[in-house]
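Chemist: Provided below for reference: sequence and predicted model.
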Amino acid sequence: MTTPKIVSEFRAGLASGELLIQNCNACGKPNMWPRYACPHCQSEDLGWVSSAGKGTLHSFCVLRQGAPEGFEADLPYAIGVVKLDEGVQLGVRLEPHGDEDWSAYQCDDRVEFAGKDDGRECAVFRRAQG
């Protein structure tokens, strides 16, 4: 399967351990998920910048059963919505604290980028240290 061009740089960043977000070269505003035109000024002059990888966990869900088709082998796993300090929101996987334990997470926790999910092309976050 060929990686769509619109996400190829994001995925390449993940593969090298870097969290990238799309940024408009015309107005300077970040946006995420990738788009073909800036949602702020409609420019098509978009690029990628490195994120600091820190943000706030807005919501999350632990899936132990009933995964969507194709994700059954991933169970259990946790997904969440993180608002990065750069101002954009991102859907992520959450790193467990030990074997299948996400009980320490709470909404509004500070979280940080931990890397790429081994089996999926998505960012993994964990509770921020300190």
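Modeler: Noted; the coordinates are in hand.

Chemist: how about the strands of the protein, start to end?
Modeler: Ranges of strands within the chain are 20-24, 30-31, 46-50, 54-63, 77-84, 89-94, 110-116, 123-127, based on DSSP state E.

Chemist: For the last one, enumerate the helices and strands it packs against.
Modeler: In this structure, strand 123-127 packs against strand 89-94, strand 110-116, with contacts taken as 3 or more C-beta pairs under 8 Å, 6 or more residues apart in numbering; DSSP states H and E. Backbone N, C-alpha and C define where each C-beta goes, glycine included.

Chemist: Using TSV, lay out these together with mean pLDDT.
Modeler: Below are the helices and strands packed on strand 123-127 laid out as TSV (pLDDT from 0 to 100):
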stretch	mean pLDDT
strand 89-94	96
strand 110-116	96
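
Chemist: Got the domain ranges for the chain?
Modeler: 5-50, 54-127 (automatic domain parsing).

Chemist: could you give me the average pLDDT of the first one?
Modeler: If I follow you right, that is domain 5-50. Domain 5-50 carries an average pLDDT of 94.

Chemist: Tell me the span between the first and last residue of it.
Modeler: End-to-end span of domain 5-50 (C-alpha to C-alpha, to the nearest Å): 18 Å.
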